[in-house]
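Undergrad: Kindly return the folded structure for what I paste below:
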Amino acid sequence: MSELKSIHQFVVHTLDGKPFSFSVLKGKKCIIVNTASKCGLTPQFEKLQKLYDEWQPKGLLIIAFPCNDFFSQERGDATTIQHFCQKNYGVTFPVMEKIHVRGKHQHPVYKWLTSKAQNGVRNSWVKWNFQKYLINEDGTLATHVNPWVQPDAERILDWLSNGLSLPS
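TA: The predicted structure is shown next:
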């Protein structure tokens, strides 16, 4: 049986519980990032929003998945998370429901992102909050970028500009 090779087949839920179909990503580049409100990397929200403001008109979508998998750094409920993101960082890109990005209860989207058998590109492991997965316009995985790499790093900007599939 053939496994999924495109992320476009998934449907997830936003923070307010509405379905969000990844099929809307067709023809767009996407950065999927797991986030947390009480992490040393949380200020990356600012650079993610700036990147989104600049590149969204050119077809970029950033999708955040809050998670509490790393030292309970995201304890908030949906309302608290949404308020935090908007008040502190002016986040306008889509923020989905809080999920698990690794472990026994790993969300299916993150199973796809981290499993070569499903994404057809490579295996990876979510190291910490703010790990970024770069998705090409056709829904395939380009690469992942470690959490400590800033959203405006040259390698991400090169991918956005040139469509390069970059090594991790």
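Undergrad: Show the subsequent helix or strand relative to whatever helix or strand Lys47 lives in.
TA: Secondary-structure assignment from DSSP states H and E places Lys47 in helix 44-55. Using DSSP H and E, the helix or strand that follows helix 44-55 in sequence is strand 60-66.
Undergrad: sorry, back to before: packing partners of the helix holding Lys47?
TA: With contacts taken as 3 or more CB pairs under 8 Å, 6 or more residues apart in numbering; DSSP states H and E, helix 44-55 sits against strand 29-35, strand 60-66, helix 78-89. The C-beta positions use only the backbone N, C-alpha and C, and glycine is treated the same way.
Undergrad: gap between the residue positioned nearest the centre of the chain and His83?
TA: The centroid of the chain falls nearest to Ile32 when counting by CA atoms, centre = their mean (1.5 Å). According to CB to CB, to the nearest Å, Ile32 and His83 sit 22 Å apart.
Undergrad: on that earlier part again, so can I have TSV of the helices and strands packed on helix 44-55 showing distance to Trp112?
TA: As requested, the helices and strands packed on helix 44-55 are exported to TSV (distance: least, CB to CB, whole Å):
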stretch	distance to Trp112
strand 29-35	10
strand 60-66	13
helix 78-89	23
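Undergrad: a markdown table please, covering the ones you listed and showing distance to Leu113 and mean pLDDT.
TA: Below are those laid out as a markdown table (distance: least, CB to CB, whole Å; pLDDT from 0 to 100):
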| stretch | distance to Leu113 | mean pLDDT |
| --- | --- | --- |
| strand 29-35 | 7 | 98 |
| strand 60-66 | 10 | 98 |
| helix 78-89 | 20 | 96 |
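Undergrad: highest average neighbour count across these?
TA: Among the helices and strands packed on helix 44-55, strand 29-35 has the highest mean neighbour count (mean count of other CB atoms under 10 Å), at a mean of 24.
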